[in-house]
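> Give the three-dimensional model of this entry:
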Amino acid sequence: MNIISALLLLVIPAAFSFMQLPAQVGQSKENLSVSINDLRNTPTEVVLDGKSLSLSAYPWRDFMPTISDIPLDPDGKPMAVVLKVTTSDKKPLPSGVRADRVWVLFGEQVWEISELRQHAKVIPSKNSSEKRINCPDLPVCEFTVRDGPKWGPGVFVDVVVRLTDKDGRHHLLQAPKQLVRRSD
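Now for the predicted structure:
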C-alpha cells in the first residue's frame, strides 16, 4: 500500500500540470495557479507574431427585474465580464491564438476561470468539450464569462486573460482598474 501511495504522490502533480481546474471564487493566494503579484504585474499589451494585442473588459452585475414568476434577487445576479482581445492595427489576430484562463482580482480575492467553455457565452465550435476559447482570424476575439462572485457594483477589479499561441507558449494580458457596472 505504501508503494501505491508513493507512486500516486509522484503521478498526481504531473497530472494536475496538464489538467485545467474549475473556476473558484475567493481563492486564497496560496491556491492560485499564478501568484496574485504576478497577475497584478501583467502587461497591458503583448506582442505575438509581430502584432500588438491588448485586452478590454466590461464587468457588470445584473439587477434588472424579470417578468417571470421568479422574484428578483435583491442582491442581484453574479458578476459577468465581457472580454475583448484586439490587435492595435485592426488586422486579424495571429493564427492559432486561444484564450484558456481568466482571472478577476478584487483586493486580495480572485475569481479564476479555467474552464472557459463552461463559463463563457461563445459560438460553439466543432469541439464544444474544449476548455478554451479559440480566437478567430479576426481583429477581435470576444467572449463573456459568467457566474462570478457578487462583488460590487461600483468597485474596481483587475482582469487578466491567459493567451496561448500556436506554439503553446502562454502570455498574460491585463485590463486593470475596470469598474464593475450595474444594469437595472
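
> pretty sure Val159 contacts Gln178?
Yes. Between Val159 and Gln178 there is a contact at 5.5 Å, judged by CB atoms under 8 Å. Yep, even glycine has a C-beta here, placed from its N, CA and C like the rest.

> Kindly check the end-to-end length of stretch 90-105 for me.
28 Å (CA to CA, to the nearest Å).

> Using the neighbour-count criterion, name the buried positions in it.
By 16 or more other CB atoms under 10 Å, the buried positions in stretch 90-105 come out as 92-94, 97-105.

> so how far is Val46 from Val81?
Remark: distance between Val81 and Val46 (CB to CB, to the nearest Å) = 19 Å.

> more crowded one of these two?
Under the criterion of other CB atoms under 10 Å, the comparison of Val81 against Val46 puts Val81 first, with 25 against 18.

> partners of that one in the sheet?
Pro59, Val145 (DSSP bridges).

> ok, now Val47?
Ser52.

> ok, it to Ser54 distance?
11 Å.

> again, but for Leu163
According to CB to CB, Leu163 and Ser54 sit 11 Å apart.

> more crowded one of the two?
Between Leu163 and Ser54, counted using other CB under 10 Å, Leu163 has the larger neighbour count: 25 against 16.

> for that one, what are its contacts?
Residues near Leu163 by CB atoms under 8 Å, 6 or more residues apart in numbering: 46, 48, 53, 85, 97-100, 135, 170-173.

> before we move on, back to that, please enumerate the shared neighbours of Val159 and Gln178.
Counting by CB under 8 Å, 6+ apart, the residues touching both Val159 and Gln178 are 57, 59, 81.
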